[in-house]
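[1] With the input below, show me the fold.
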Amino acid sequence: MNVKKGQFLAPWDTVNIADKLRSFGCERFLITERGTTFGYNNLVTDMRSLYWMRKEGLPVIFDATHSVQRPGGLGGTTGGDGELAPVLARAAVATGVEGVFMETHSDPANAMSDGPNQIPLEFMEDLLVKLIAIHHAAHG
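    The predicted model follows:
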């Protein structure tokens, strides 16, 4: 099971999510970090949260593309800073997360949803190679 951490929730409070899942017999789950609300129309990712959640023994996935959203940032739709998604993905892998979630599209500007956050498909292979190299360098 994958549980997305609420964008209002402190990282140490994810232990309560894990406890609730375990109380119902669910031992196989992931907690996905996708940023924290920072004022209006903005999300930020505190990389320390990845460390704190993992320190509690929680398996953490980092959602690189939703972490750069600007909810309602384009007026009637969600905007985002997609160019930052690869930067945050690299930082997250260096912290030791169990995985990275990334949305991609061949033409993000014409994607049906979340286009401003997506990583262009043409850049994915290079990014994945870099993420694997970072993982090996940081974690052997």
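[2] For L88, pull up the helix or strand it's in.
    For L88, the element it lies in under DSSP states H and E is helix 85-95.
[3] Next secondary structure element downstream of that helix?
    As assigned by DSSP H and E, the chain's next helix or strand after helix 85-95 is strand 99-101.
[4] pLDDT of that following strand, averaged?
    When pLDDT is averaged along strand 99-101, the result is 98.
[5] re the thing from before, okay, buried residues for the helix holding L88 please.
    Residues of helix 85-95 classed as buried under the neighbour-count rule (16 or more other Cβ atoms under 10 Å) are A85, P86, L88, A89, R90, A91, A92, V93, A94, T95. To be clear about C-beta, it is placed using only N, CA and C from the backbone, and glycine gets the same treatment.
[6] didn't the first one look like it was pressed against M102?
    Yes: here A85 lies in contact with M102, judged by Cβ atoms under 8 Å, at a distance of 6.4 Å.
[7] Between these two, which contacts overlap?
    The contact sets of A85 and M102 overlap at A64, T65, I119 (Cβ atoms under 8 Å, 6 or more residues apart in numbering).
[8] got the residues you listed as CSV, with neighbour count, pLDDT and secondary structure columns?
    Shown next, in CSV, are the shared contacts of A85 and M102 (neighbours: other Cβ atoms under 10 Å; pLDDT from 0 to 100; DSSP: H, G, I helix; E, B strand; the rest coil):
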residue, neighbour count, pLDDT, secondary structure
A64, 30, 98, coil
T65, 25, 97, coil
I119, 21, 97, strand
